[in-house]
Structures are given as C-alpha cells and as structure tokens.
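*Asks:* Have a look at this prediction, sequence included:
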Amino acid sequence: MDGAPFAAQDSIYVQASASGLSFVGMSTDILVSDYPASCAKEAADQGVANGRTLFIGLGITDASGNASPATESGTYLVVSPASAPPASSHVAEISYQRNGANCLREQLITGTSGTVQVGQADTSAHGGVQGTLDVTFENGDHLTGNVSAVYCASFNPNRTPLGTCQ
C-alpha cells in the first residue's frame with residue numbers, strides 16, 4: 001500500500017455509528033494497524049507518528065438502505081463512499097490512512113471494489129471479528145489478507161487520537 005508493504009500488527013473493532021460512511025446507522029468498525037497496542041493507544045488518546053491503518057466499516061443494509069452492525073458471517077461487498085450502498089446487502093467500506101510525523105493524516109486512499117469475507121462475527125465484548133479481505137483501491141493498489149480483530153471499547157472511529165503523538 002502506498003508504495004510499501006502493509007504489515008499488520010494489531011486489529012481492533014467496535015460497533016458504532018461511524019461518520020463518513022455511505023450507509024447510515026450502526027456498523028462494525030475495524031481498525032487494522034501497522035503498530036502494536038492499538039486499543040491501549042486509543043484509550044490513552046495517543047497518535048502514532050508515521051502510523052498506517054486500514055479502516056473497515058461493515059454493515060448490513062435493510063430495504064431502506066439503513067445499516068446495522070455485521071453480526072453474520074458471509075461476503076460483504078466493498079462499496080465506494082461516493083455512491084449509495086445497495087439496499088438489503090452486506091456492505092463494506094475500506095480506507096487506508098498514513099499519518100505524518102505530527103500524527104495527522106497525510107494520505108487517505110479509498111477502497112473501490114472487492115470483498116470482505118467474514119468468517120466469524122461474534123461481536124460480544126469477549127468475541128471477535130475474523131475474515132479475509134480482497135480489495136482494490138482508488139489508486140490501483142490491491143490488498144489481500146486476513147483480519148482477526150478483538151473488541152476495544154476505547155476505539156472511536158469518529159475521532160483522531162491526538163492527546164499525545166509518539
């Protein structure tokens with residue numbers, strides 16, 4: 001990604017109403033990072049200089065296009081945030097972000113096509129979300145891999161942790 005391999009070191013998730021997604025409502029939001037201890041950093045409001053992350057928003061849309069969190073295994077279709085998601089579908093929005101030395105976002109690349117195959121969606125506080133992804137991004141980058149995320153109550157997909165920058 002972004003000219004360099006993406007080596008995931010940690011994955012966390014929470015159910016939230018994430019802003020900026022094309023589907024409205026609650027979603028299962030996953031943060032995959034190239035640094036360890038993501039949940040502890042979120043809890044401490046700590047940014048990571050030059051950190052790289054993948055954000056994966058998973059939702060199940062109803063006939064009106066409103067979303068609920070991913071609580072089922074299956075295939076989630078990657079949709080672009082620029083278009084309305086299909087009704088009555090399993091959908092995913094994915095973005096890659098690279099922070100600068102000041103912990104602020106320097107690069108954002110959006111996924112435009114592909115799938116997330118969810119094998120486990122135990123979204124209880126002691127559960128996890130596991131699966132695989134195969135996504136193509138707007139710049140032509142292609143990423144495949146496994147995701148195994150653990151619950152993190154401190155993860156807020158609507159904020160940038162900037163209490164401190166390390």
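*Replies:* Great, that's in hand.
*Asks:* can you map out the strands along the chain?
*Replies:* Taking DSSP state E to define them, one finds strands in the chain at 10-16, 24-25, 27-33, 46-47, 52-61, 66-69, 74-78, 90-99, 105-122, 128-137, 142-151, 164-165.
*Asks:* list the helices and strands the fourth one packs on?
*Replies:* It refers to strand 46-47. If you count contacts as 3 or more CB pairs under 8 Å, 6 or more residues apart in numbering; DSSP states H and E, strand 46-47 packs onto strand 164-165. For the C-beta atoms, the positions are set from N, CA and C on the backbone; glycine is no exception.
*Asks:* Adjacent strands (with direction) for the strand it packs on?
*Replies:* As defined by DSSP bridges, the strand partners of strand 164-165 come to strand 46-47 (parallel).
*Asks:* Check the offset of the strand it pairs with from the chain's centre.
*Replies:* Relative to its chain's centre, strand 46-47 lies at 17 Å (CA atoms, centre = their mean, to the nearest Å).
*Asks:* which residues are contacting that strand?
*Replies:* 40-41, 99, 103-104, 160-166 (CB atoms under 8 Å, 6 or more residues apart in numbering).
*Asks:* before we move on, back to that, just put the strands of the chain in CSV and tack on mean pLDDT, distance to Ala84 and mean neighbour count.
*Replies:* CSV is the format used below for these (pLDDT from 0 to 100; distance: least, CB to CB, whole Å; neighbours: other CB atoms under 10 Å):
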stretch, mean pLDDT, distance to Ala84, mean neighbour count
strand 10-16, 95, 21, 21
strand 24-25, 90, 10, 16
strand 27-33, 96, 15, 25
strand 46-47, 93, 32, 18
strand 52-61, 96, 9, 24
strand 66-69, 92, 12, 19
strand 74-78, 96, 13, 18
strand 90-99, 96, 10, 22
strand 105-122, 94, 15, 17
strand 128-137, 96, 19, 20
strand 142-151, 96, 24, 16
strand 164-165, 91, 36, 14
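*Asks:* With that, I have no additional questions.
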